[in-house]
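Participant: The sequence and its predicted three-dimensional model are supplied below.
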Amino acid sequence: MFLEDRESQGREIIRMDEEEEMEESVGPEVPGMGADTVKIMAESVGLQGLPDDALREIADDITYRLRIIAQNGQKFMNHGKRTRLTTADIDHALKVQGHEPLYGFHAREHIPFRYASGGGRELHHLHFLEDKELDLNDLVNSQLPKIPAAPSIRAHWLAIDGVQPAIPENPPPQSKDQLISDSVDPASSLKSSDSKTNKLGAVLGQTKMKTVETVNLKQLASHELSVEQQLYFKEITEACVGSDESRRAEALQSLAMDPGLHQMLPRLATFIAEGVRVNVVQHNLAILIYLMRMVKSLLENQSLILEKYLHELIPAVATCIVSRQLCSRPDHDNHWALRDFASRMMAAICKNFHTSTNNIQTRVTKIFSDALKSDKNPLVAYYGAIAGLQELGPEVIKVFILPNISILAEKIDAALDPNNATVSSVEKNAAQQIRTLLVKSVSPVLKAMRDPPDNIEEYKKEFGSLGAPLHSGVEKARRQSGNKPSGGGSSSGSSRSSSQQHGPLSAPRPPQPQKVFNMRVIQEATHQPVRVEPPVAAPPPLPPPQVVSSPLVRTVVLNADGSMPSNQQSSSRSRSHHF
């Protein structure tokens, strides 16, 4: 018996060694979908008698695709810095492959799978999820959950006249000193021990951490000007609104040419806006003109970015255009020149800064259009609205001014009626100014819109009392365009007409009789340096120099060498202060 047992044990050991050698030669078994599993699945859907080769091919293909999904899911797991594969990773892997994810298999925590015990070698790689057995009697006899409340909306006051009411819906009020300290020193909130408002402070105070990182918070500080910049700002503002014309010219030239005004630009814009707001109430025409000249200089400075400050400049300029009263004596002072000049500034702003995002020109056009259509505005406001619209181009004139000419004609007739004793001299002067401005600005547009011949009766029927002046203006424009083929547009024409109409802010100088071949006529703003153009060989004969007067433009006659005549220099030095 002992020998037989030893022989049987030897044969068993030899058989086991042979099996191990066979496994080493074949390699470890790789888990995958078996042909029997595929056969069972096929029979469950009604497919009977599939050949074994087809079952193996299908099993291999299913195994390949499952491995791809598992590998992609493992990539999402690695990118998520996790060591356990979740159902969300499989869903992402299916989306990458272009498949619809599996719904209903979401779990926030890891689902434990158990190994199948027993059954020998066949169940070695089998895992299953353990389901709990539930008693139906316990489920039936258990208490039902509370029915959730229906959704509802409840209104309460956040603030009443700027004061927050003390109700449970609102957060508890804080003192003004506490708010100021929190805004100045954000790190102060970490020092409090209230766990409701300061969870980080509670954690730091209760738990001793091994390593605590100290973060230095930058204190909030306002950007103040240096002493030199403060001195420059004081000098530049005093010079721009002072009585010394030479200092004003230098200050305006500095605003137009200096590239280092970026830090002072917010303060300059606020100075202009506040200056217009105060001086419009005080009817100080001179200061308003000086402030508009500052706007012009800032617009001419190519190194400044004014987009962030247009919300202060545009209301200031618009106020100087459509305000009811700009001076203390509107029947004597030339406030029309300020309205024309501010209209040109507004047109320059729209031209340089209008985009499809901010719609500056559209909004400015709406401001002028509303002022023109309002029945409560005086005639001086109508004049400013027309001046602002006509500077924006012929298309704006065609859309917003032409349909309202007949209504404006009725108001002009009512103001100029000699039997109407209630109309003041200011309204009569405004009516005459509006008539002249309409003829000068609308005539070129009508000339381009209508073909000759022009019938005066049609003009009177369409435009009322302004029909005859407009008819004369159109005929005059046609004659001028026939003599001068390269005639200017409506905008430039209106600018010249307004300057000729109102005159300069200082008395115009008569043209000096000089020889034509050794002098040039250059129109320059009073605050800009005189530019001398180089001589041109064989210049064509020029017409006699015409005195062009505008609120901020004067005619300078230079000699051939670029110097000013003695009488021009003396008159420039002796020029008295004007507004």
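Facilitator: Thanks, I have it.
Participant: The strand or helix carrying Leu470 - contacts with which helices or strands?
Facilitator: Using DSSP states H and E, Leu470 maps to helix 467-483. Helices and strands touching helix 467-483, by 3 or more Cβ pairs under 8 Å, 6 or more residues apart in numbering; DSSP states H and E, are helix 425-449, helix 456-463. C-betas here are computed from N, CA, C, even on glycine.
Participant: Switch these over to CSV; also include mean neighbour count, mean pLDDT and distance to Asp182.
Facilitator: Formatted as CSV, these follow (neighbours: other Cβ atoms under 10 Å; pLDDT from 0 to 100; distance: least, Cβ to Cβ, whole Å):
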stretch, mean neighbour count, mean pLDDT, distance to Asp182
helix 425-449, 20, 88, 56
helix 456-463, 15, 86, 65
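Participant: what's in contact with stretch 399-409?
Facilitator: The contact list for stretch 399-409 (Cβ atoms under 8 Å, 6 or more residues apart in numbering) reads 365, 368-369, 372-373, 382, 386, 389-390, 434, 438, 441-442, 445-446, 462-467, 470.
Participant: let's see 10 Å
Facilitator: 365-366, 368-369, 372-373, 375, 379, 382, 385-386, 389-390, 392, 411-412, 431, 434-435, 437-438, 441-442, 445-446, 449, 460-467, 469-470 (Cβ atoms under 10 Å, 6 or more residues apart in numbering).
Participant: Give me the below-cutoff pLDDT ranges for the stretch 201-350 of the chain.
Facilitator: 201-223 (pLDDT under 70).
Participant: and if we set it to 80?
Facilitator: 201-225 (pLDDT under 80).
Participant: which stretches of it form helices?
Facilitator: 227-241, 245-257, 265-282, 285-300, 310-322, 335-353 (DSSP state H, counting those that start in this stretch).
Participant: how deep is the nearest residue to Asn170 once chain neighbours are set aside tucked in, by neighbour count?
Facilitator: For Asn170, ignoring the flanking residues on the chain, the nearest one in space by Cβ to Cβ, 6 or more residues apart in numbering is Gln164 at 5.5 Å. Other residues lying near Gln164 total 14 when counted by other Cβ atoms under 10 Å.
Participant: Let me see the contact set for Gln164.
Facilitator: Per Cβ under 10 Å, 6+ apart, neighbours of Gln164: 157-158, 170-174.
Participant: Let me see the ranges of the strands in this structure.
Facilitator: In the chain, strands defined by DSSP state E lie at 114-115, 127-128, 521-525, 553-557, listed in chain order.
Participant: Which of the ones you listed comes out lowest on mean pLDDT?
Facilitator: Note on the strands of the chain: lowest mean pLDDT is at strand 521-525, with a mean of 35.
Participant: my read: Glu475 touches Asp454, true?
Facilitator: Yes - counting by Cβ atoms under 10 Å, Glu475 touches Asp454, with 6.3 Å between them.
Participant: Overlap in contacts, the two.
Facilitator: Contacts common to Glu475 and Asp454, judged by Cβ under 10 Å, 6+ apart, are Lys447.
Participant: and the contacts of Gln164, which two are the farthest apart?
Facilitator: Trp157 and Gln174 (17.9 Å; Cβ to Cβ).
Participant: Lys296 - nearest residue in space that isn't next to it in sequence?
Facilitator: Lys296 sits nearest to Met345 (Cβ to Cβ, 6+ apart), 5.9 Å away.
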